[in-house]
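Novice: Have a look; sequence and predicted model below, questions after that.
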Amino acid sequence: MTLRIDYTNMMGDVINGGIAAADWASAPFGRAHAGLDRRRDAGELGFLALPTDDALHRQSTDFAATAKAKFDDVVVLGIGGSALGPIALRTALLKPAWNSLTAKERDGQPRLHVLDNVDPQTITALLGRLSLERALFVVTSKSGGTAETMAQYLVVRERLIQAKLDVKDHLVFVTDPKKGALRQIANDEGIAALDIPPAVGGRYSVLTPVGILPAALVGIDTAQLMAGARDIAGRCASAGDTLAKNPAGLFATLQYLADTKLGRHIHVLMPYSDPLRDIADWFVQLWAESLGKHRTSGDAGVGPTPLGALGATDQHSKVQLFMEGPPDKTVTFIAVAEGGAELTIPKLHSNVTELGYLGGHQLGELLSIEQRATAGALARRGRPNMTMHIDRVDAWHLGALFMLLEIATIYAGELYGVNPLDQPGVELGKQFTYAMLGRPDAEQARQEWNLLPKPDARYSV
Ligand code: PA5
């Protein structure tokens, strides 16, 4: 079981345009590590304790053990950090096209749907094809009051009532142990509710019941997820402020220096693996919502722009931009040593130049060679890149990746001088939404909204 970061192609003594030795030597990682320690000691980094929180883990596995046989469909209602983790887990660790497989092909495990939006078309279509009697809805919200998730919940609840089903048999909440409307409803009505610890924010919550409950319900090895996360958390803790040994520190410091010293403001995560494609989306939210913000009130704002890509698919899309577009990007590849299946390319058309050389190679070998070729080509053009190597896509390695990127985000927050745990910038849009929907406590937002410029006919075609 390994997760190794090769950052050769980030360094200025190896590639043109890489990080200069002097910048590397003076990287303020000691300060970042001290900041992480301070936050941990202040009880702010609850996600670090999750891999050893057996009681919390058991909340999910115990619930799943008694519930799963009753359901053919598990539907997660949630958005942002409450949805992207379950989606990444599903794509990585379940068989491809899981929800289209027969029950036998799914080894008797339920299908897993994640409704991460309020588009009526998607929700109507899903509810229209489910058998509600055999469906479990996991309503996930740390705050217990997010408009999109609450709207989904209200729609689902009404459908259950119309179908004359007992809502308690078809709902489980995942929310703060004490606060919020969902917890209140759960307490009032005796609906099952699992905990998101107070010190774990939405985008750091995949290893709480947010991700672990759906995972356990569909038969993913959640103990292995925790084992991988525990391993990386341990590696980072024992490395401490020794940057060269701290994988999360390295990831954060390299990206930070590339941004602030080399103008590489865009950070691409590019797995060469279909199962890992949604971990890129999960990372994009983590990096964007944690780091894009004001350092002090009134400053212009800092933070890199994360971007997801998929190899080899995006070699025929975004890689042209990465190679020759503005030199404002780093690319982090995720390379997987063992693909999930062996598939040999047949030796056909051996006398056709464009086809003959492929015969006899493995498809996984082609994917891996393409990743190395792209990394090398970027390096040759002075485009910094690095590669995270994992043995295979399994629960252990996924847990390790989640934890590595979460710790790296805290380090990056310290390096950029921002609080990686809050998201004040999304509040105003929420308040305007409340104002327009008539929420009674949104009077101030309503007044502010009314003062905004209205669409001007001169600027409309
Ligand atoms: O990372 C975050 O905190 C956010 O993206 C939240 O996950 C998102 O806004 C949903 O919030 P909640 O879980 O409170 O419904």
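Specialist: Here it is on my side, so go on.
Novice: Spatially nearest residue to Leu225 (excluding sequence neighbours)?
Specialist: Leaving aside its sequence neighbours, Leu225 sits nearest to Gly399 (Cβ to Cβ, 6 or more residues apart in numbering; 3.8 Å). For every residue, glycine as well, the C-beta is placed using N, CA and C.
Novice: And the helix or strand that neighbour falls within, how far out from the chain middle?
Specialist: Gly399 is part of helix 395-416, with elements assigned from DSSP states H and E. Distance of helix 395-416 from the chain centroid (Cα atoms, centre = their mean, to the nearest Å) equals 10 Å.
Novice: on that earlier part again, ok, now which ones touch the residue nearest to Leu225?
Specialist: 51, 207, 224-230, 232 (Cβ atoms under 8 Å, 6 or more residues apart in numbering).
Novice: Which of those residues has the largest number of neighbours?
Specialist: When neighbours are counted by other Cβ atoms under 10 Å, Leu225 leads those with 30 neighbours.
Novice: Let's see the pLDDT reported for the residue in the chain sticking out farthest from the centre.
Specialist: Farthest-out residue of the chain from its mean C-alpha position, per Cα atoms, centre = their mean: Asn351, at 45.5 Å. Asn351 carries a pLDDT value of 95.
Novice: Let's verify it: helix, strand, or coil?
Specialist: Here Asn351 is coil, with the state taken from DSSP: H, G, I helix; E, B strand; the rest coil.
Novice: For Lys430, give its distance to Leu3.
Specialist: Distance of Lys430 to Leu3, computed by Cβ to Cβ, to the nearest Å: 36 Å.
Novice: So between the two, which is more surrounded?
Specialist: Set side by side, Lys430 and Leu3 show more neighbours around Leu3, with 20 against 14, by other Cβ under 10 Å.
Novice: What is the burial count for the closest residue to the ligand within the stretch 151-300 of the chain?
Specialist: Of all residues in the stretch 151-300 of the chain, Gly202 sits closest to the ligand, at 2.2 Å by Cβ to the nearest ligand atom. Gly202 has 26 neighbouring residues, counting by other Cβ under 10 Å.
Novice: OK, contacts around the nearest residue to it once chain neighbours are set aside?
Specialist: Counting by Cβ to Cβ, 6+ apart, Gly202 lies nearest to Gly81, which is 2.9 Å off, once chain neighbours are set aside. Contact analysis of Gly81 by Cβ under 8 Å, 6+ apart lists 142, 201-206, 210, 285.
Novice: With secondary structure and pLDDT added, can I get those residues in a markdown table?
Specialist: Listed next are those as a markdown table, based on DSSP: H, G, I helix; E, B strand; the rest coil; pLDDT from 0 to 100:
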| residue | secondary structure | pLDDT |
| --- | --- | --- |
| Lys142 | coil | 96 |
| Gly201 | coil | 96 |
| Gly202 | helix | 96 |
| Arg203 | helix | 97 |
| Tyr204 | helix | 98 |
| Ser205 | coil | 98 |
| Val206 | coil | 98 |
| Val210 | helix | 98 |
| Gln285 | helix | 98 |
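Novice: how about the strands of this protein, start to end?
Specialist: 3-6, 73-77, 111-115, 135-140, 171-175, 192-195, 266-271, 305-308, 329-336, 385-390 (DSSP state E).
Novice: Any part of the helix holding Gly399 near the ligand?
Specialist: No - under the criterion of Cβ under 6 Å from any ligand atom, helix 395-416 makes no contact with the ligand; the nearest approach is 10.8 Å.
Novice: Mind pulling up the pLDDT for Ser297?
Specialist: The model reports Ser297 with a pLDDT of 74.
Novice: isn't the residue of the stretch 151-300 of the chain closest to the ligand right up against Ser82?
Specialist: Yes - with contacts counted by Cβ atoms under 8 Å, Gly202 reaches Ser82, the gap being 5.9 Å.
Novice: any idea how far Gln362 is from Asn9?
Specialist: For Gln362 relative to Asn9 (Cβ to Cβ), the value is 25 Å.
Novice: Looking at those two, which is more packed in?
Specialist: Asn9 (22 against 15).
Novice: List the contacts of the closest residue to that one other than its chain neighbours.
Specialist: Of all residues not flanking Asn9 in the chain, Ala379 sits nearest, at 4.2 Å (Cβ to Cβ, 6+ apart). For Ala379, the contacting residues are 9, 14-15, 385, by Cβ under 8 Å, 6+ apart.
Novice: Asp6 too?
Specialist: Listed by Cβ under 8 Å, 6+ apart, the contact set of Asp6 reads 386-387, 389.
Novice: Tabulate those residues (CSV), appending neighbour count and pLDDT.
Specialist: Listed next are the contacts of Asp6 as CSV, based on neighbours: other Cβ atoms under 10 Å; pLDDT from 0 to 100:
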residue, neighbour count, pLDDT
Met386, 21, 98
Thr387, 20, 98
His389, 14, 98
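Novice: between these, which is closest to the ligand?
Specialist: For the contacts of Asp6, the nearest to the ligand is Met386 (25.4 Å; Cβ to the nearest ligand atom).
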